[in-house]
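Q: predicted structure and sequence below. I'll ask about it afterward.
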Amino acid sequence: MKKDNKINKREEEVNNLKNQLARALADYDNLNKRTLVERQNLSQISSLRIVIKLLPILDMLEDAQKHLADAGLAISTGEFKRILQEEGLEEIIPKIGDKFDENLEEVVEALEGGIEGKIAEVVLTGWKFKEGLVVRHAKVKVYLGLTHKKGKVSLTN
Amino acid sequence: MAKTVGIDLGTTNSVVAVMEGGKPKVIPAADTGRNITPSVVEPVKNLVGDVAKRQAVLNSKNTIASVKRLMGRRIDDSEVKRTKDMVPYEIKSGKDGMAVVEIEGKTYTPQEISAKVLSKLKKDAETYLGESVEAAVITVPAYFDDAQRQATKQAGEIAGLKVERIINEPTAAALAYGLDKKNNEKIAVYDLGGGTFDISILEIGDGVFEVKATNGDTHLGGDDFDERIVDYIVEEFKKENSLDLKQDKQALQRVRDAAEKAKIELSAATEIEINQPYITQKDGQPLHLTMKLTRAKFEGLVADLIEKTMKPVADALKDAKLSPSDINEVIMVGGMTRVPSVAQEVKKFFGKEPNKSVNPDEVVAVGAAIQAGVLGGEVKDVVLLDVTPLTLAIETMGSVATPMIPRNTTVPTAKTEVFSTAADNQTQVEIHVTQGERPLAADNKSLGKFVLDGIPPSPRGVPQVEVTFDLDSNGILTVTAKDKATNKETNIKITGAVGLSDEEVKKAQEEAEKYKAEDEQKAKKIESRNRADQMIATTEKALKDAGDKAPAEIKEKVEAKVKDLKDILDTGTQEELEQKTKDLSDTLSEVGQAMYGGAQTTQGTPTEENKEEGKDEDKKQDKDDVEEGEVVE
């Protein structure tokens, strides 16, 4: 009886250890797979950090360009954008009148009138990696449509 | 093997974490790569998280945020009434008078809305883990009553998760700090999040946490701090330009973003600049927002908000019948606790440094994941991975401790490196194994020594001795030295290389810190001495090789310099050693020049090639100079 107990205890211990070994191996295997994917995305991830910090500077230069309309500045911002494109990024430029797309854009203001859900104004363009992650969503103003107190009526002209 | 995840289902943001390889890991959202997901849901289009937040302005009546404030509450609850005034969506009375939300004529219970957040986190976890997730531990505030806990559990079930356990947020935070191993301690958890403030007093005994008291302010958080900065910026701008930025929605949005950024930056810097050119226009002229904001100013702006949290803290202690000095541990939770003055106030109140080493945004989810790991049988004492608390090193020339296995390396582990001899015709090397963080072997703890002999006589630096450190999971260190020429090897087994008491480790680390500057100085001097020694050996060899070809006068000059250097080898300062080594090196190159110069006169045909060769020789010598003799004498 005592011996049986001892054997049972051993077996339990063996099972426990087997179980933990299996978990450890599985975790390791998954880690390997994930590291592989992450390594493939590494260049994206590493440029992401710096790009996020640079975008506001580009915005400032573009604001300046709106006021100054300087040919040299235009060339400079063009070069700036070219570098971002070389890093695998593309600009998200929503079109006025297009339907708002929450995957690429962010509504910063909803305007009365117009056609419901259509873009009224682009406040700031966005940037995304050509394959995948959006670095910054474009900021847009969107029409609410003609609103009545009860329910909404959308115009379709 | 399906895993159980830990979920912090928050009012503003939610986080999911899982145990992986015995350690908690926060899982990033698949769509954003960020570790936190906003608790925002648009149920009609079924949008959850950041994507729901982005369309909220357009679709405010259909976008539900802060639904946690309604969980398991009746429509006549005061918190529900307060929430009703705050949010743009409809809140109505549902079954049994419970609060529900109504969107486009359809009602949703808070459970159903929360379930959508949980579903997203479940899916994110599955994407990350590459396997299905079926069970979870979900956290709730300590003050949640039975109905609220029941509702949270239902939310999990609707999301297709078996809710293994509902645990208190402060308990989860304490678990993340490993405080479940303490006994009879009192813990205060200070949780200042995006929109709510909670203080909880816990008592831990026999691995069980008991909530002694809770208090807080359900409408105080990071957003209020941001608002103070925004008001300040707008006010300052008005003073300077007599223009109200609040009238310009677009400008105000930029000020809001800048304020949030400023708040985060001021946690690390004492002064920052806010620069937003072309923020707005006046009379057709662009206006720029440029201002400096110091941490002191910021702290002044929010001092009363921080002060406001201290009354609930005092009340909670009173309810628990404790005084601040009775509290053994203070834990910080929530992003706002990163603000230095928040930590300072808390420290001042309790008279002790609060725990804030675990990311305060993630600490609750981490604790939930640990609880999930315990319930899933994943966290057990049997195979706890151990690390070497101190660096294991080998003594090399000049008594330098050359690290083989750096501290905090997870065991079992092994490392092999090849060393050589320090002197010509050296036939044996002594392997001296040390443990500690100081650069010199003599200052570290000696673990053992042994000798490998029978090395065939050869010039210094030629023999190859392969040294292997093998540390197994029981902390037994086997050090093997092998002569690669003869394959002769010896080894030593050292036990107890890992099993140090906490005090021993702390002492060793403190000493290393204390003597850091001094040690570095010493190490530099030894390096100079080794270089001098190497230079002497190189020179002597060069003179021998040159034989009669080198002119006697130059030879004498070089020999004098060698003697100069030898004389101060053990007594000179670092500068003297370096100076004399350089002198010798310069003089030695004269030997080369003279030899080639001599060749020119005999042959009478000076060529570019010869000069080049001379240069090459110099280069080679320089290279010899820096080659270090990593050697055991």
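A: Noted; the coordinates are in hand. Numbering: from 1, shown residues only, chains lettered A, B, ... in the order given.
Q: would you point out which residue is most central in chain A?
A: For chain A, residue A:134 is the residue whose C-alpha lies nearest the centre (Cα atoms, centre = their mean; 3.0 Å).
Q: now the strands for the stretch 101-250 of chain B?
A: Taking DSSP state E, counting those that start in this stretch as the criterion, the stretch 101-250 of chain B contains strands spanning B:106-108, B:133-140, B:162-168, B:185-192, B:197-205, B:208-217.
Q: can you pull the phi/psi pair for the residue in the stretch 251-400 of chain B that chain A sits nearest to?
A: Here the stretch 251-400 of chain B gets closest to chain A at one residue, residue B:278, 3.8 Å apart by Cβ to the nearest Cβ. For glycine as for every other residue, the C-beta is placed from the backbone atoms N, C-alpha and C. Backbone torsions of residue B:278, given as degrees, to the nearest 10, read phi 50, psi 40.
Q: got a list of what it touches?
A: The neighbours of residue B:278, taking Cβ atoms under 8 Å, 6 or more residues apart in numbering or on different chains as the test, are A:60, A:63-64, A:66-67, B:286-288.
Q: buried residues, the host helix or strand of residue A:75. List them.
A: Per DSSP states H and E, residue A:75 falls inside helix A:71-86. By neighbour count on 16 or more other Cβ atoms under 10 Å in any protein chain shown, the buried set for helix A:71-86 is A:77, A:81, A:84.
Q: the helix or strand harbouring residue A:50 packs against which elements?
A: Assigned by DSSP H and E, residue A:50 falls within helix A:42-68. In terms of contacts (3 or more Cβ pairs under 8 Å, 6 or more residues apart in numbering or on different chains; DSSP states H and E), helix A:42-68 is packed against helix A:71-86, strand A:126-129, strand A:134-136, strand B:271-282.
Q: now the element after the third one, going C-ward?
A: By that I understand strand A:134-136. The first helix or strand that comes after strand A:134-136 along the chain, using DSSP H and E, is strand A:138-143.
Q: could I get the CA-only coordinates of that following strand as PDB?
A: Provided in PDB are the C-alpha atoms of strand A:138-143 (Å, rounded to 0.1, in the frame of the first residue of the first chain):
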ATOM      1  CA  ALA A 138      -5.700  61.300 -41.600                       C
ATOM      2  CA  LYS A 139      -7.700  63.900 -39.700                       C
ATOM      3  CA  VAL A 140     -10.900  65.000 -41.400                       C
ATOM      4  CA  LYS A 141     -14.100  67.000 -40.900                       C
ATOM      5  CA  VAL A 142     -17.200  65.000 -41.900                       C
ATOM      6  CA  TYR A 143     -20.800  66.100 -42.800                       C
END
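Q: okay, residue B:484 and residue B:393: tell me how far apart.
A: 22 Å (Cβ to Cβ, to the nearest Å).
Q: cool, residue B:326 as well?
A: Between residue B:326 and residue B:393 the computed distance is 45 Å (Cβ to Cβ).
Q: now swap in residue B:334 and tell me
A: From residue B:334 over to residue B:393 the distance is 42 Å, taken as Cβ to Cβ.
Q: try residue B:360
A: 37 Å.
Q: in contact with the residue nearest to the centre of chain A, which residues?
A: A:92, A:103-104, A:126-128.
Q: chain B next: which of those are close?
A: Contacts with chain B within the contacts of residue A:134, counted by Cβ under 8 Å from any Cβ of the partner chain: residue A:103.
Q: now for the contacts of residue A:134, which pair is the farthest apart?
A: A:103 and A:127 (14.0 Å; Cβ to Cβ).
Q: tell me which of those two has more neighbours.
A: Of the pair residue A:103 and residue A:127, residue A:127 is the one with more neighbours under other Cβ atoms under 10 Å in any protein chain shown, namely 21 against 13.
Q: quick one, what contacts that one?
A: Residue A:127 makes contact with A:51, A:55, A:84, A:89-92, A:134-136, according to Cβ under 8 Å, 6+ apart.
Q: from these, pick the one nearest chain B.
A: Among the contacts of residue A:127, residue A:134 lies closest to chain B (Cβ to the nearest Cβ), at 8.3 Å.
Q: can you get me a residue count around residue 131?
A: Just going to use chain A. 8.
Q: oops, wrong one, chain B.
A: Using other Cβ under 10 Å: residue B:131 sits among 13 other residues.
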